[in-house]
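Peer 1: Sequence and predicted model, in that order:
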Amino acid sequence: MLINSNKTMTLNTYKKVKIAVAFVLALIFSQALVYNNYLIPIATMIIASLILMYLRRRVKGIIADERDYSTAGKASLLAVQIYSWTAAISMFILYAYRDFNPAYEPVALTLAYSTCILLILYSLIFRYYNTFKLTEKRTLYVIAVLIMLLVLAVVSLRLFSGEDNWICVDGSWQKHGQPSFPAPTIECK
């Protein structure tokens with residue numbers, strides 16, 4: 001049994017549960033990609049996160065100390081900076097070559113918007129941690145962020161669902177809806 005009668009869990013058991021959850025998530029993600037279903041992985045990831053948050057509270061023992069949190073903060077800042085610079089440079093290069101291939105423009109814009117969202121999210125979370133002391137309201141905050149991410153994912157799926165796009169039919173590009181860009185220049189197979 002994973003949780004004993006007094007509702008606590010050892011650190012080793014928690015680590016094993018995290019590995020099992022990651023394995024199950026990998027299975028669900030791979031199957032969802034095979035079947036072109038992208039809502040199931042999002043819902044599964046949210047449920048798995050909530051389960052792990054619940055189980056983490058049941059762990060008796062120290063999961064991380066102040067040094068771990070300090071190192072994680074430094075690593076997070078460096079990762080955000082490296083991603084931002086790499087994405088910005090890649091975005092400018094791809095946008096500069098959009099005349100050669102129109103497919104470069106949406107990739108460049110995706111990089112630009114994802115970098116902006118990442119930096120805004122980082123700023124908001126930094127301000128939150130800098131302003132408020134972590135209390136039991138942290139769980140509500142995490143759930144609110146997860147709900148916002150779910151709404152963002154659903155809106156993104158709707159906006160980028162390919163309703164106004166070019167599709168390959170019998171070796172030629174056919175309009176699907178009213179695309180706002182010319183047919184791709186790459187060969188349609």
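Peer 2: Sure, I can see it. Owing to the predicted nature of the structure, the values given are computational and were not obtained by experimental measurement. Numbering: from 1, shown residues only.

Peer 1: what about this protein, any weak spots by pLDDT?
Peer 2: Across the chain, the ranges flagged by pLDDT under 70 are 1-7, 132-139, 157-163.

Peer 1: In it, what residue spans correspond to strands?
Peer 2: Along the chain, the stretches classed as strands by DSSP state E are 165-169, 172-176.

Peer 1: deepest of these, which one?
Peer 2: The highest average neighbour count among the strands of the chain, using mean count of other C-beta atoms under 10 Å, belongs to strand 165-169 at a mean of 14. Yep, even glycine has a C-beta here, placed from its N, CA and C like the rest.

Peer 1: name the helices or strands packed onto that one?
Peer 2: Counting contacts by 3 or more C-beta pairs under 8 Å, 6 or more residues apart in numbering; DSSP states H and E, the secondary-structure elements packed against strand 165-169 are strand 172-176.

Peer 1: would you put the C-alpha positions of the strand it packs on in PDB?
Peer 2: Output for strand 172-176, consisting of C-alpha atoms alone and laid out as PDB, is shown next (Å, rounded to 0.1, in the frame of the first residue of the first chain):
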ATOM      1  CA  SER A 172      -1.800  19.700 -54.800                       C
ATOM      2  CA  TRP A 173      -2.500  22.400 -52.200                       C
ATOM      3  CA  GLN A 174      -6.200  23.100 -51.700                       C
ATOM      4  CA  LYS A 175      -7.800  25.900 -49.700                       C
ATOM      5  CA  HIS A 176      -9.500  24.900 -46.500                       C
END
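
Peer 1: which residues touch that strand?
Peer 2: Outside of strand 172-176, the residues that reach it under the criterion C-beta atoms under 8 Å, 6 or more residues apart in numbering are 162-168, 183-184, 188.
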